[in-house]
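> Model the structure of this input:
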Amino acid sequence: MIPLKVLIAAGLAGGLAVAAGTTQAGGDTGLYLGGGVGQMHGDGNFDDQAGHGKLMGGYNFGWLPFLDLGVELAYVSGGELDGEVDGRSATREVDSLQAQGVAGMSFGPMGVYAKAGMADWDAEQRGPGADRSGTDPVYGVGASFGLFGLTGRLEYERLDTDEIGNLDMVTAGAVYTF
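Residues are numbered from 1 along each chain as shown. A predicted model of the protein is given here:
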């Protein structure tokens, strides 16, 4: 019969060996592509929620263990936000092209990150009012879980614009690192 202390020591040693292999590498390094879906919440006259889709691509630089640095380009296509302009019903759809820097920490297969950059957006409006467009800051935070090059993500982002109000987005998605 094997003593309990030996089994515990062997189990801890094995667990640390497996964890050391995953944490030493940090996050996946290289080019990634992915997509996601989520909810977009408008502001001001369009205080409503709509679905959105997101396509993204980027590159993670693996310079330091535990620290993930990267760049990301994303296209976000928002659904219709309902609102009221001058007492009349209107709808607004917002699409944006985003360029952001990403910084995060990896803890084995799990990680947290923050991102910030600029978004070039177009707001198409039906009903009273006019179409608008602009370039404004976008920033957010997220959490990830990765395994074998596939990483699931849950993130919150804000497109910070004075012209059409802020857009808050929550996105669940996945990226694959090549």
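> quick one: the helices in this structure?
According to DSSP state H, the chain carries its helices in the segments 4-24.
> mind listing the strands for it?
In the chain, the segments counted as strands under DSSP state E are 30-41, 49-64, 67-85, 88-107, 110-126, 132-147, 150-159, 167-177.
> For Ala50, which non-adjacent residue is spatially closest?
Nearest non-adjacent residue to Ala50, counting by Cβ to Cβ, 6 or more residues apart in numbering: Gly79, 3.5 Å away. All C-beta atoms are positioned from the backbone trio N, CA, C, and that covers glycine.
> Would you reformat the strands of the chain as CSV and include mean neighbour count?
Output for the strands of the chain, formatted as CSV (neighbours: other Cβ atoms under 10 Å):
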stretch, mean neighbour count
strand 30-41, 17
strand 49-64, 16
strand 67-85, 18
strand 88-107, 18
strand 110-126, 18
strand 132-147, 17
strand 150-159, 19
strand 167-177, 19
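> Include mean pLDDT when you put these into JSON lines, please.
Listed next are the strands of the chain as JSON lines, based on pLDDT from 0 to 100:
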{"stretch": "strand 30-41", "mean pLDDT": "97"}
{"stretch": "strand 49-64", "mean pLDDT": "93"}
{"stretch": "strand 67-85", "mean pLDDT": "95"}
{"stretch": "strand 88-107", "mean pLDDT": "95"}
{"stretch": "strand 110-126", "mean pLDDT": "96"}
{"stretch": "strand 132-147", "mean pLDDT": "96"}
{"stretch": "strand 150-159", "mean pLDDT": "97"}
{"stretch": "strand 167-177", "mean pLDDT": "97"}
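> I'm done for today, thanks for sticking with me.
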